[in-house]
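**Student:** Sequence plus the predicted model coming up.
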Amino acid sequence: MWIADDTLGMQGKGLTMKQVKESTNALTRRKFLKGSAVAAGAAVGSGAIGGFPTIWAQEIKDIELRHLGVSYSVVKAIGDQAAKDLGFKVTMQNLDTSAAINRFITQPNSVDIADLEGWQAKLAVKRGVLQGIEAKRIKEFDNFLPIFTKGELDGHKIPRQGISPYEALYIEKPDSTELHDGVTEWLTNVPQVYNADPIGYRPDLVGHPVTEWKELIDPKFKGKAAILDVPAIGIMDAALCFESADLIKYGNKGNMTKAEIDFTIDKLIELKKSGHFRATWTTFDQSVQLMTAGEVIIQSMWSPAVAAVRVKEIPCVYAPVNKRGDKEGYRGWCNGMGLMKHLAGKKLDAAYEYMNWYMSGWQGAFVSRYGYYSPVPSTAKKFMTPDEYTFWYEGKPGPEEVKDPYGVPMEKAGTVRDGGSFVERVTNISCWNTLMDEAAYMNKRWNDFKVA
Amino acid sequence: MSLARISDVAATGVPARRSRAIAPASGRPWTFYVLATLFTLYLLALYGPMACIYILSFQDLRGGLVFPMKGLSLHWFIDLFTQVRTGDVKGSFERSFELAIIVTVLTVVVSFLAGLGFRIRFAGDTIVFYMMIGSLVAPGLVLGIGVGLIFNAVGIDASLFTSALGAQLSWTLPFGVLVMFAVMSRFDHAWEEAARDLGASPWQTIWLVVIPVLAPGLVAVALFGFTLSYDEFARTLQTAGSLNTLPLEIWSMTLNITSPALYALGTVTTIVSFLVIGASLGTIAFIQKRREARAPGQPGGAA
Amino acid sequence: MAHSAAFKRSLAGWAYVAPLVVILIPFFVLPLIAVVAASFFETDGFGGLFPAFNLGNYTQILTSGLTFNLYYETIKFAVLTWFFSILIGFFVAYFLVFHVKNQLLALGLFLLCTVPFWTSNIIRMISWIPLLGKEGLVNEAFLKLGLIDQPLEFLLFSSFAVVVAYVHQLTIFMIVPIFHAMGRIDKCVVEAALDAGASRFDIMRLIIVPLSKSGIALGSIFVISIVMGDFFVVKVMSGGGSASVVGAFYEDISVLQYPTAAASAVLLTIILVLTVGLILSFVDIRNEITR
């Protein structure tokens, strides 16, 4: 954290601020700023200290970091808090995934921190618009869950269908243009938020518990089902359904062959022609509307969307589609922060500070209250009440009413989180958001499905 | 063709007054009632869904974007102007509004000048005309990326009041110029000649004769300029720089939340537009009354 | 002499259109050149472009059944929207111009038609959902009145919903030019025709329509180019059940397939410029203002 002067809003709670206050008292009245990386650097060797100069408050104030990404990952409230704690300006900009990746590639200088999914990181690295992140300058790096750093959790190997966060994490050298399989000193991005997406359904209208993807394509839900209309991930949801119904066995759902794509799309077209899908949805908002307006009773859905339906006092359940052999499982996604190549000097230092702030817990707690997870739960825990942590991470009944990040009640006391504990959910991820090698072909076929 | 001549001459003679209508003085023809019904239905269809917006914006915390209504409160109006949860609705609204105003002004001025230009047959006029048509029909998404690439290559950061402004103008100007075509065909050159004969300079002719006569048309150009800019998505997507306009913000918000704050915004903009329109109509009525009081029998102004 | 007069005229013409040209060159012509160039390139599938100068992207598009289907869908929406917006726009303008005698009232009614347009497009579009949905107001009302016993599903997430949303958004683009074209028709002409014993139908056919055709042509250009260039309404209102030309290359762009997207964009531009040219061959709006 930045050791800031006391005009920068010290009312913030938690560890960071306490340290700030102590240090401010210890320092002279001149507004002196010092990076926490000094402390981190001291642990790993004196080299890091030289690379991290002391910065004057005045200069820090002129720095502006532009963080761009999708709205569920790049949240204004988080940016505002970061700016308050760090003393420089943070501008959060939201675009959809498609517009965002195009911005990173075609106007790399107009962004400082790129918010990337694994597949976007792969593209951005290939186009050379990112710079490698020095792992040892990320303070909490050693406390990261091994899902990210080693591709495993509690001894379970995390599946690598699609592009897993681990797969997209490392590059060999700071300017490499290919991802590297295996641990190195250089990162493409710092993971910051992730989750596991399943099916959502209306228990009152479906009438029985749903635990398998094949329910989504069951003829009894004809005209009452919906699927996600973002080709790259919609096709994976469809694949999970077809695999679950034993219609096909994929080599890699996250990187299908042309024949597999053809089979999947033809099957989708067949379903569409039979009137199975009431609609397809593109945005969170649409999926919530479909469910609350009674248009659809079962659909592939994002987990906070399920919660959003419940906030409207309409019953909705996140189906625990736990893995059964090679079938079922959640589709995982993860967003991380990448550093654009043009960052240098003080701005680069500020960017590192910003990423370290992200990992220090405030943001982790914030996204957790939304139903997502932090890659460093150990720091997020410090910013959550024990009850909150019990509910969101341990999968046990929350003794108190559960509130969302803005203090709006979400669940009554005693509710258990759908899908169970963190470990249960994450170890049941069977594939990750992706960009297939045959993406162009897949898009074309997806459009065939749309116009059919 | 001869009819067009007649109408031109007549329109010049009585530019503003619509003192006589088709209807005979005795009463309204049956077509009036049919068309009045059609017009009412059109307004109903126009405002029907808007009414849903207005009603649903008064829900409480639990409110969604569809019926049934959940509670009754001003929560989403407060949310709109205070919270950060819903994205930066207030900021993006202000930016979009400012940008739309600038686009409107430039569209009116540039379209007006281009309209004057196209009255003259000049070498290369067809090229300019079809360049404009191309700009109207070319897909904005792709052009936007192109503009972004060019700015990046030149080393200027894309931003609202440079790249986005230009990209939006490339969309609003063809509309503006084409509307000027409709408007100018109503304008008789005898007016200009008369002004010139009376010793007016070209600028005086434009300022004192052309603009007042074309004023209603310029208002239409302004109307198009504003709505097209305010709603523009495709061209702005890659040219807005690091601050979103309202459509971009709304679109990216819907990826994450579902909030009647959007509806609250619809309600607020509608109330504001009614106030503005009411005020302008009131002003026009007031001015007309005063003019009529001062010079009875004179046609009331050029609009 | 004649030479220098023509030169002077050209100079004056260019001076007037200079601001337009100055804006269109960097914001339309240059990006268009980039797009045309990209349409001949090849890609590595990861956003990288290589000059190839072959027609591969075009042959791929032109020989694909998908292209045909996409154009069919998009043209269908454009034609339906055009038809209904002309129908409504023409008569609304006619009513305001010829039937509302008080000019201030006419202006007020006209502005009333424009108020919804100050609310963002996206909001206006999604506002149809509470009205047309399965549990929406229309279905509720019909159910209560006993007109139906099952909610009508075609109201939302259908081609019907797409056309409704387009007509809702775009009729104003028809009303404005027709309103202006009609405004210049002198009522004396109409009255003279009435006195001469012309029927209403004749007046409509021989006077009103011919004299407002420039407005109709302009409105048509606006409506058709907006619908053909849009993807948003189709995406949301068809519930993803339909696709559009621009929607398809939006998906291409999202996975950085620039060359095919560029080729589709060029193709669409050519088709639309030809369409506009066709409309203008019926109504020469240029000629009407040239001195």
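**Tutor:** Noted; the coordinates are in hand.
**Student:** so what's the residue nearest the centre of chain B up against?
**Tutor:** Centrality entry for chain B: nearest residue to the mean C-alpha point is residue B:223, 1.5 Å, by Cα atoms, centre = their mean. The contact partners of residue B:223, taken as Cβ atoms under 8 Å, 6 or more residues apart in numbering or on different chains, are C:114, C:117, C:176. For every residue, glycine as well, the C-beta is placed using N, CA and C.
**Student:** next helix or strand past the helix or strand where it lies?
**Tutor:** Using DSSP states H and E, residue B:223 maps to helix B:211-231. Counting by DSSP H and E, the next helix or strand C-terminal to helix B:211-231 is helix B:234-237.
**Student:** quick one: contacts of that next one?
**Tutor:** Against helix B:234-237 from outside (Cβ under 8 Å, 6+ apart): A:95, A:99, B:139-141, B:143-144, B:147, B:164, B:167-168, B:170-171, B:245, B:247-248, C:229, C:246.
**Student:** pLDDT weak spots in the stretch 1-150 of chain A?
**Tutor:** For the stretch 1-150 of chain A, applying pLDDT under 70 flags the ranges A:1-58.
**Student:** Close to chain B: what parts of it are there?
**Tutor:** With Cβ under 8 Å from any Cβ of the partner chain as the criterion, the stretch 1-150 of chain A comes near chain B at residues A:66, A:68, A:70-72, A:76-77, A:80, A:91, A:93-96, A:99, A:102-103, A:106-111.
**Student:** Among these, which ones are in helices?
**Tutor:** Within those, residues falling in helices by DSSP state H are A:76, A:77, A:80, A:99, A:102, A:103, A:106.
**Student:** Can you say which of these are buried?
**Tutor:** Those of those that meet the buried threshold are A:76, A:99, A:102, A:103, A:106, by 16 or more other Cβ atoms under 10 Å in any protein chain shown.
**Student:** and the two most separated of those residues?
**Tutor:** A:76 and A:106 (24.5 Å; Cβ to Cβ).
**Student:** before we move on, the earlier item: select from the contacts of helix B:234-237 every entry located in helices.
**Tutor:** Among these, the residues falling in helices (DSSP H) are A:99, B:140-141, B:143-144, B:147, B:167-168, B:170-171, B:247-248, C:229, C:246.
**Student:** top of these by neighbour count?
**Tutor:** residue B:144 (32 neighbours; other Cβ atoms under 10 Å in any protein chain shown).
**Student:** Does that residue touch residue B:239 like I think?
**Tutor:** Yes - counting by Cβ atoms under 8 Å, residue B:144 does reach residue B:239; the two are 5.3 Å apart.
**Student:** intersection of neighbour lists for those two?
**Tutor:** Joint contacts of residue B:144 and residue B:239 (Cβ under 8 Å, 6+ apart) are residue B:167.
**Student:** related to what we said a few turns ago, out of the residues of the stretch 1-150 of chain A next to chain B, who's near chain C?
**Tutor:** Residues of the residues of the stretch 1-150 of chain A next to chain B in contact with chain C (Cβ under 8 Å from any Cβ): residue A:102.
**Student:** how about stretch C:245-263: buried residues?
**Tutor:** Here stretch C:245-263 shows C:245-263 as buried, counting by 16+ other Cβ under 10 Å.
**Student:** Can you name the residues of the stretch 51-200 of chain C sitting close to chain A?
**Tutor:** Contact residues, the stretch 51-200 of chain C versus chain A (Cβ under 8 Å from any Cβ): C:64, C:66, C:69-70, C:73, C:129-130, C:133-136, C:153, C:156-157.
**Student:** I'd like to know which of these is nearest to chain B.
**Tutor:** Checking these against chain B by Cβ to the nearest Cβ gives residue C:130 as the nearest, at 4.4 Å.
**Student:** Pretty sure the closest one sits in a helix.
**Tutor:** Yes - counting by DSSP: H, G, I helix; E, B strand; the rest coil, residue C:130 is part of a helix.
**Student:** For it, report the pLDDT, please.
**Tutor:** Per-residue pLDDT puts residue C:130 at 83.
**Student:** Also residue C:209?
**Tutor:** pLDDT at residue C:209 comes out at 88.
**Student:** would residue A:191 count as being in a helix?
**Tutor:** No - counting by three-state DSSP, residue A:191 is not found in a helix; it is strand.
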